[in-house]
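**Q** Just need the structure, nothing else, for what follows:
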Amino acid sequence: MMEKRKLGRTGFEVSALGLGGLQFTGMYGVSPKSADDIIDYAVDHGVNFIDTAQLYGSGESEAIIGRALLRHKDAGLVVCDKVGHFKEGILALSKDPESASQNYDEIMRTIKHSLWVLRQDSFDMLMLHEAERGWNIDPKTGDSVIMQVLEDVKKAGLAKNIGASSWDMGALTNLIKTDRIDVVMVAGAISLLERGVYDELMPAAKEHNVGATVGAILGQNTTGLVVKDRETAAKLRASGNEKNVILGEKLDKLYDLADELDLSMVQMAVRYVLSFEDISTNSMGARELAHIVDNIRSVEMGPLPDDAVRAINHIQDDSETWDFNTISHAHITNLLD
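**A** Reported below is the predicted structural model:
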């Protein structure tokens, strides 16, 4: 039975495991039939939160999810969509891509296009994609063209809730404090290597009753977090770079703990994040059916025991290492180059 959690002030209860909509697209060589199978399995096993964006597959993800919404009309699915990037997504197709993020009409046009592709009259949640990327948002007030668009979309009934996504926890925390958004999605802010989401963002979300969702807990398929890569850990320890050495030591300790618990790295990561009850949902991508099957099985195993959570926290806190965003975007093996 999939656990459901309240998503801040949105009025929604969402599955503790969400389905990320990036990886089941042609960007990753996934066929439309396989994408349908992934979504259908997830929905049939209690997943009701699906995350997508204009950027994902250049609209393919939205189209795939739009078909799924027709197949599962009575499943109570909650879809989160994101507008942008202005340099890579649909805004980049405008006549003047460099200024598109500041053009009210251009942004609105792409939002209405997303609704058309999703085959919906309104969004459950609509977020700006990566708050720190070119939107020119005033950090104290939230004032910006994109915020005006989102608020107008909500007033017009085209979105039930509005929010923001980012790898930048500071940018999201600032937006939460303006009290102008209902939900956030933060990437890379909690994993087996860190829980920085609890430094400032989560306290702010609690204070303002903003729903908090997370993603990229595996660093967008960072190898050493997906599988036990002891060879790379050994190379990191032998690299002579202080941060690399510490990272290698932490990975080995995590691998030892996973062996002790008889868990894969993915299972331990999913169950670790599940242990934090105020994180409403953890969206994870899937390129094949086996991925979503294993993710759901991991959730069904329940949160990690308290002593295992404490052990992971201790590994994280035992000396500083690379910022996790660096690891996620560069990947662990690239740190050795």
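
**Q** part of a helix, is residue 138?
**A** No. Residue 138: not assigned to a helix; according to DSSP: H, G, I helix; E, B strand; the rest coil it is coil.

**Q** gap between it and residue 174?
**A** Separation of residue 138 from residue 174 (C-beta to C-beta, to the nearest Å): 9 Å. Every C-beta, even on glycine, is put in place using the N, C-alpha and C of the backbone.

**Q** Of those two, which one has the most company?
**A** Counted by other C-beta atoms under 10 Å, residue 138 and residue 174 do not tie: residue 174 has more neighbours, with 22 against 11.

**Q** Which residue, other than its chain neighbours, is closest to the more buried one?
**A** By the measure of C-beta to C-beta, 6 or more residues apart in numbering, the closest residue to residue 174 outside its immediate chain neighbours is residue 139, 4.4 Å from it.

**Q** Same check on residue 241?
**A** residue 335 (7.8 Å).

**Q** Could you do residue 179 as well?
**A** Distances taken as C-beta to C-beta, 6+ apart place residue 208 nearest to residue 179, at 5.5 Å, with adjacent residues excluded.

**Q** contacting residues for that neighbour?
**A** Residues near residue 208 by C-beta atoms under 8 Å, 6 or more residues apart in numbering: 176-177, 179.

**Q** those strands in the stretch 1-150 of the chain, which residues are they?
**A** Applying DSSP state E, counting those that start in this stretch to the stretch 1-150 of the chain gives strands spanning 4-6, 13-15, 17-20, 49-51, 78-83, 125-128.

**Q** where do the helices sit along the stretch 201-337 of the chain?
**A** All helices of the stretch 201-337 of the chain, identified by DSSP state H, counting those that start in this stretch, fall at 201-208, 223-226, 230-237, 242-261, 265-274, 289-300, 306-317, 324-330.

**Q** just to revisit the earlier point, for the strands of the stretch 1-150 of the chain, which one sits closest to residue 203?
**A** strand 4-6 (17.4 Å; C-beta to C-beta).

**Q** List the buried residues for the closest one?
**A** Of the residues in strand 4-6, 4-5 count as buried by neighbour count, 16 or more other C-beta atoms under 10 Å.

**Q** roughly how far out does that strand sit from the chain middle?
**A** With C-alpha atoms, centre = their mean, to the nearest Å as the basis, strand 4-6 stands 17 Å off its chain's centre.

**Q** what about the helices in the stretch 1-150 of the chain?
**A** Using DSSP H, counting those that start in this stretch, helices in the stretch 1-150 of the chain cover 32-44, 60-71, 104-118, 145-155.

**Q** What's the local residue count around residue 209?
**A** When neighbours are defined as other C-beta under 10 Å, residue 209 has 13 of them.
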